[in-house]
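1. just coords:
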């Protein structure tokens with residue numbers, strides 16, 4: 001509790017979010033998430049898979065350097081000794097946006113081969129919020145079983161589903177809706193979501 005007449009000090013753990021970006025299609029969601037966190041004053045602790053760097057080049061006009069510049073701290077994917085690999089490094093949790101089926105499988109089985117999946121495993125063991133945004137379709141039974149497994153372990157699986165009730169006009173509108181809903185899951189209101197109020201939005 002804060003001292004009367006003074007603002008309460010916000011613990012660092014309430015101002016940090018670990019962000020993972022994998023090589024699944026839809027890296028723009030992860031990039032937009034980093035931008036939203038930067039604008040909100042939330043520390044983003046980023047780890048990119050090697051495949052993510054390839055997909056960024058394929059799907060966007062951004063350089064890897066520019067994407068990394070959006071984050072507060074960036075960790076090499078092979079750096080298993082990084083701060084985010086330890087539960088003692090306190091955070092709000094972790095969002096993997098987008099989440100590849102390979103990364104999903106590693107998290108579901110606990111076989112963590114990179115810092116990205118290790119950080120997700122740490123998030124689960126510390127009972128922090130882990131949000132996975134899978135970008136794959138159609139799904140076979142193995143994918144669905146892995147989604148069930150991570151859900152049973154405490155993660156939230158949040159595919160990027162557009163909210164057409166918000167009357168999106170551009171691709172950016174669709175992206176922002178998904179990113180805003182991901183941030184909602186951490187109790188962070190980014191202002192990106194046009195919220196349903198029980199009647200058509202104008």
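-> Perfect, I can see it now. Values in this document were obtained by computation on a predicted structure and should not be read as measured data. Residues are numbered from 1 along each chain as shown.
2. and residue 46, that's in a strand?
-> Yes - Residue 46: assigned to a strand according to DSSP: H, G, I helix; E, B strand; the rest coil.
3. so what's it bridging to?
-> Residue 46 has these beta-bridge partners by DSSP bridges: residue 19, residue 74.
4. Report the buried residues of stretch 123-131.
-> Buried positions in stretch 123-131, judged by neighbour count with 16 or more other C-beta atoms under 10 Å: 123, 124, 128, 129, 130, 131. Yep, even glycine has a C-beta here, placed from its N, CA and C like the rest.
5. what does stretch 23-31 give?
-> Those would be 23, 24, 26, 27, 28, 29, 30, 31, for stretch 23-31 by 16+ other C-beta under 10 Å.
6. How about stretch 106-113?
-> Here stretch 106-113 shows 106, 107, 108, 112 as buried, counting by 16+ other C-beta under 10 Å.
7. tell me how far the ends of it are from each other?
-> 8 Å (C-alpha to C-alpha, to the nearest Å).
8. Give me the residues contacting that stretch.
-> Contact partners of stretch 106-113, identified using C-beta atoms under 8 Å, 6 or more residues apart in numbering, comprise 114, 117-118, 120-121, 124, 130, 132, 145-147, 149-150, 153, 155.
9. May I have the secondary structure class of the most centrally placed residue in the chain?
-> Compute the mean C-alpha point of the chain, and by C-alpha atoms, centre = their mean the closest residue is residue 95, 2.4 Å away. With three-state DSSP as the basis, residue 95 sits in strand.
10. any idea how far residue 79 is from the nearest residue to it once chain neighbours are set aside?
-> Excluding the flanking residues, the one nearest residue 95 by C-beta to C-beta, 6 or more residues apart in numbering is residue 131, at 4.5 Å. For residue 131, the distance to residue 79 equals 22 Å [C-beta to C-beta, to the nearest Å].
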